[in-house]
Every structure is written in structure tokens, then in C-alpha cells.
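Novice: Sequence and computational prediction follow.
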Amino acid sequence: MKFTKIIATIAIAGLVMVSCKKEDKNLANIKSENTAPKEHKAIAAENVQTSSFKIEGMTCAMGCAKTIEKELSNLDGVEKATVDFEKKTATVVFDKTVQNQENLTKTVQATGDGKTYKVLDIKS
């Protein structure tokens, strides 16, 4: 009986080690694709717009706030996006000829399931 438990434990440990290695390789590929720095085109001074808004529904700084910030930063025409978890706010600097507040709102809400994050009090 003891021998069977030892064999089972070794088999399970082996499976976990093998499956983790595969996941790590896949995660490395995903991270390298998603973390490639996006090139930002220079925005003409007359087209620069800054919008600030509140985001309800964030529960953590690393998961929620950083994910939303990354999604906003990756939009065409966005020069800079910052999300402050503590204040529950976002500030986005963008080219108003390429991007608009409606798309920013849709992007934030789409980052969750469409119901998790709510954008409020948009100010330009």
C-alpha cells in the first residue's frame, strides 16, 4: 500500500512538472507578443486631447488597473494612458482626430465582461 502511494505521488509530480513547462513556454510566447512596445506617432499640438474619467469596478492594482491601462495605451492615437487604482481614475492623452471618448469608454468596459467596469464623469 505504501509503495502504491509513493508511485502515485511520483507520477502526479511528474505530470505537474511536465504540464507547467508547457504552460511556461506558452506564456513566454504570449508575453513576448503582448509586451512589444507600441510605437506612438507624434501628435500635432492642435490635435492633442486629454480626458480623465472615473472607473468603477476595479478590485486590484495589478490585475484591473494595469490591464485597463495597457488596453488604453495600445489604442491607435493614444499617446499615454495612466490608471490610478487608489483614486479609481484614468487619464488618457490622445489624438482627437484618431480616437474619441466613446472608444475609450468602450475599451475600458470591454476589458472586463462588459459589466465589470463602468466609466463615469468623463472630463476633457
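Specialist: Happy to help now that I have it.
Novice: and after the longest strand seen in the chain, which helix or strand comes next?
Specialist: When secondary structure is assigned using DSSP state E, the longest strand within the chain turns out to be strand 48-56. Past strand 48-56, heading to the C-terminal end, the next element that is a helix or strand (DSSP states H and E) is helix 66-73.
Novice: List the buried residues in the next helix or strand after that next one.
Specialist: Past helix 66-73, further along toward the C-terminus, the next helix or strand under DSSP H and E is strand 78-84. Going by neighbour count (16 or more other Cβ atoms under 10 Å), the buried part of strand 78-84 is 78, 79, 81, 83. Backbone N, C-alpha and C define where each C-beta goes, glycine included.
Novice: what two of those residues have the greatest distance between them?
Specialist: Maximum pairwise distance in the buried residues of strand 78-84, criterion Cβ to Cβ, is 15.0 Å, between 79 and 83.
Novice: what's the closest of the buried residues of strand 78-84 to residue 98?
Specialist: The nearest one, if we look at the buried residues of strand 78-84 relative to residue 98 and count by Cβ to Cβ, is residue 78, at 8.4 Å.
Novice: what pairs with the closest residue to the closest one other than its chain neighbours across the strands?
Specialist: Of all residues not flanking residue 78 in the chain, residue 94 sits nearest, at 4.6 Å (Cβ to Cβ, 6 or more residues apart in numbering). Counting by DSSP bridges, residue 94 is bridged to residue 49, residue 78.
Novice: per-residue confidence for residue 94?
Specialist: What the model reports for residue 94 is a pLDDT of 93.
Novice: OK, contacts around it?
Specialist: Under the criterion of Cβ atoms under 8 Å, 6 or more residues apart in numbering, the neighbours of residue 94 are 43, 48, 49, 50, 51, 75, 77, 78, 79, 104.
Novice: go again using 7 Å as the cut-off
Specialist: For residue 94, the set of contacting residues under the criterion of Cβ atoms under 7 Å, 6 or more residues apart in numbering consists of 49, 77, 78, 79.
Novice: Verify the contact between the first one and residue 124 for me.
Specialist: Yes. In terms of Cβ atoms under 7 Å, residue 49 counts as a neighbour of residue 124; the distance is 6.2 Å.
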